[in-house]
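Enquirer: Okay, predicted coordinates and the sequence, questions at the end:
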Amino acid sequence: MIKFKSKKFCRGSFKFGIVGGNGKVGEKGAGNCNNISEIKWELRPGGMLVQRRETGSSVGEGMIVVRVSTVSRSHDISIEATSTFGELKMILSMVTSLEAREQRLVFKGKEREDEEYLHMVGVRDKDKVLLLQDPAIKEMKNLHRLRSTNQQIPTPISV
């Protein structure tokens, strides 16, 4: 593990030759570095070291609203941007009647795995995610329903 020593930089518009408050050239007037701040670093889930953003957001920072569409309905789900698709499936299982293993989530034309992070894939506020039911599990449910009603299950005819 490598530790990086933080350096202090001036964040103001620093220019030499600005006329100061008393009219003398060469003073740094508005560009002085009295507001020196330390740069903070963070390690993203993908392993990239980046400069930490300084946002003045209130409580709920990082929360996004994802519009999840099924064939017949759509749901607006509020979730953390750093959540995974698996966590989104757990929330959807409470909203819909589908269990997490029965759900298939599609974003930007690709089915997404449970371990993928929303923000790493590019899901932003008000983006649309498509929810589909797994066809294999749907067929198994239909077969189970037929068996429970004591109906004869159609079998393929061999020629």
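Expert: Received the coordinates, thanks.
Enquirer: use CA for all of it now, contacts and neighbours both
Expert: OK.
Enquirer: List of residues touching stretch 72-82?
Expert: By C-alpha atoms under 8 Å, 6 or more residues apart in numbering, the list of residues contacting stretch 72-82 from outside reads 62-69, 88, 117-119, 123-124.
Enquirer: With pLDDT and neighbour count as new columns, can those be given to me in TSV?
Expert: As requested, these are exported to TSV (pLDDT from 0 to 100; neighbours: other C-alpha atoms under 10 Å):
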residue	pLDDT	neighbour count
62	82	15
63	90	15
64	94	21
65	94	18
66	95	22
67	95	17
68	94	21
69	94	17
88	95	20
117	94	20
118	94	23
119	91	15
123	93	19
124	92	15
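Enquirer: Of those residues, which is the nearest to residue 46?
Expert: residue 117 (9.6 Å; C-alpha to C-alpha).
Enquirer: Report the contact partners of the closest one.
Expert: 82, 83, 84, 85.
Enquirer: out of those residues, which are inside helices?
Expert: Here DSSP state H is the test, and the contacts of residue 117 give residue 85 as lying in helices.
Enquirer: where does the chain have low pLDDT?
Expert: 1-37, 54-61, 150-156, 158-159 (pLDDT under 70).
Enquirer: For it, which segments are assigned as helices?
Expert: 85-95, 118-121, 135-148.
Enquirer: all strands for this structure, in order.
Expert: Taking DSSP state E, the strands of the chain run over residues 8-9, 37-38, 41-43, 49-51, 63-69, 74-80, 103-107, 110-111, 128-133.
Enquirer: what's the closest of those to residue 143?
Expert: Of the strands of the chain, nearest to residue 143 by C-alpha to C-alpha is strand 128-133, at 15.8 Å.
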